[in-house]
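1. structure, please.
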Amino acid sequence: MGCTSQKRVFIRGARKLKTMMRFIEIINRTDFNPRLERTSTPRFAMGEVWINEKYVVNVRPAHGYQKLLAEGHLPSDLDADHEFSIVSLNNGNTTTSHVVVGSVSFIGERLEGSKKRKLLKG
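-> Predicted structure coming up:
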């Protein structure tokens, strides 16, 4: 089950038209105090992230987030049957990862829907 909008934004660049896709991201807001690391309580929030599909390298499941959801550490806006995925992006020498709401197949279908290729880069 995915919790994303089907909205796409097209940005005209100097060379090509780039497609940005909107996803709901899980943001880790846990305060990591080195002296009290074992006693810190995990805190998470939801936010919006726009991803340029051109830079997506891989999408994989985020298994640990199902347990966090069951334990009540994630925002209460989420249902128990939501799935989570990690989307990895590579832009030159920088690699970033985003935990987004949605299954791997759902994210893959959204990315494939805007391309004619069947596989993601990577």
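2. worst-scoring helix or strand of the chain, pLDDT-wise?
-> One helix or strand of the chain scores below all others by mean pLDDT, DSSP states H and E: strand 8-12, with a mean of 54.
3. can you name the next helix or strand after it?
-> strand 17-28 (DSSP states H and E).
4. which helices and strands sit right next to that following strand?
-> For strand 17-28, the elements it packs on are strand 8-12, strand 44-52, strand 94-101, helix 104-113, judged by 3 or more CB pairs under 8 Å, 6 or more residues apart in numbering; DSSP states H and E. (C-beta placed from N, C-alpha, C; glycine too.)
5. for it, the distance to its chain's centre please.
-> 7 Å (CA atoms, centre = their mean, to the nearest Å).
6. identify the residues contacting the spatially most central residue of the chain.
-> Residue closest to the average C-alpha location in the chain (CA atoms, centre = their mean): Val100, at 2.6 Å. When contacts are counted by CB atoms under 8 Å, 6 or more residues apart in numbering, Val100 is found next to Thr4, Phe23, Ile24, Glu25, Ile26, Val49, Phe84, Ser85, Ile86, Val87, Ile107.
7. leaving out sequence neighbours, find the closest residue to it.
-> Phe23 (4.2 Å; CB to CB, 6 or more residues apart in numbering).
8. quick one: the one you found and Ser85 touch, right?
-> No: taking contacts as CB atoms under 8 Å, Phe23 lies outside contact range of Ser85: 9.1 Å.
9. shared neighbours, these two?
-> Val100, Gly102, Ile107.
10. picking up where we left off before, rank the helices and strands packed on strand 17-28 by pLDDT, which is bottom?
-> With a mean of 54, strand 8-12 has the lowest mean pLDDT of the helices and strands packed on strand 17-28.
11. residue contacts, the closest residue to Met21 other than its chain neighbours?
-> Nearest in space to Met21, with sequence neighbours left out and distances taken as CB to CB, 6+ apart, is Ile51 at 5.3 Å. Counting by CB under 8 Å, 6+ apart, Ile51 makes contact with Met20, Met21, Phe23, Val87, Leu89, His98.
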